[in-house]
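**Q** The following comprises the amino acid sequence and a computationally predicted model.
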Amino acid sequence: MASISKEIIKSLLKHDYTYYTGVPCSLLKGIFLELENKTFRDIQYFPAIREDSAVGLASGFSLSGEKSVVLMQNSGLGYCLNVLTSFNLIYDVPTLLIISWRGYNSDAVEHDVIGKKLLDVLSSVDIPYEVLNLENIKNSITPLINTINSTKRPAALIIKDNV
């Protein structure tokens, strides 16, 4: 059986998501390893130094007609909220945000505040989200992709487990 990380990437690849960028997080370690090891030859991965830079890069890919993914932990959402609210959401520039839910289970005190409010923050700026169901990855991803395709705006896949 394929790893969860591979299943996530394969599911996104079926929807033509081939451009990835982001800032590493230990909960998303498996996805980053697959990208860094170039497991999927059709995927391009561009590491980023900050989440707002990653959103900018992914937005450029989207504007050029490519489907893009930004990987980050939830604390990084704060860094890129201005980019998302003053560019992507205003000009309908879609990108898929994959956000690790640090603080969902109290893993470190520095994650507690954003961990408790992550879904509220996304809702407050009208970014739709799905929490990944490890038992049915496709049913977590497909509705979210459908939302992105119909709205042409960003949406977030929330991952609360190690993948």
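**A** Right, received. Where do you want to start?

**Q** just for this protein, where's the confidence low?
**A** Under the criterion pLDDT under 70, the flagged ranges of the chain are 1-2.

**Q** For the residue nearest the centre of it, give me its contacts.
**A** Geometric centre of the chain, nearest residue: Ile98, 1.6 Å, by C-alpha atoms, centre = their mean. Applying C-beta atoms under 8 Å, 6 or more residues apart in numbering, we find Ile98 in contact with 8, 22, 28, 31, 69-72, 156-157, 159. (C-beta placed from N, C-alpha, C; glycine too.)

**Q** run the last query once more with 10 Å
**A** By C-beta atoms under 10 Å, 6 or more residues apart in numbering, Ile98 lies in contact with 8, 12, 17, 20, 22, 25, 28, 31, 69-72, 132, 141, 156-159, 163.

**Q** what's downstream of the longest helix anywhere in the chain, the next helix or strand?
**A** When the chain is parsed with DSSP state H, its longest helix is helix 137-151. Reading on from helix 137-151 to the C-terminus, the next helix or strand found by DSSP states H and E is strand 155-159.

**Q** Now do that next one against helix 137-151, angle only.
**A** Here strand 155-159 points in a direction 160 degrees away from that of helix 137-151 (axes from the mean of the first three to the mean of the last three C-alpha atoms, to 10 degrees).

**Q** Could you check how far strand 155-159 is from the centre of its chain?
**A** 5 Å (C-alpha atoms, centre = their mean, to the nearest Å).

**Q** name the helices or strands packed onto that strand?
**A** Contact here means 3 or more C-beta pairs under 10 Å, 6 or more residues apart in numbering; DSSP states H and E; on that basis strand 155-159 packs against helix 4-14, strand 67-73, helix 74-83, strand 96-100, helix 112-124, strand 129-131, helix 137-151.

**Q** In CSV, list the ones you listed along with distance to Thr39.
**A** Converted to CSV, the helices and strands packed on strand 155-159 look like this (distance: least, C-beta to C-beta, whole Å):
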stretch, distance to Thr39
helix 4-14, 7
strand 67-73, 15
helix 74-83, 24
strand 96-100, 16
helix 112-124, 28
strand 129-131, 24
helix 137-151, 16
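
**Q** From the contacts of Ile98, keep the buried residues only.
**A** 8, 12, 17, 20, 22, 25, 28, 31, 69-72, 132, 141, 156-159, 163 (16 or more other C-beta atoms under 10 Å).

**Q** Much appreciated, bye for now.
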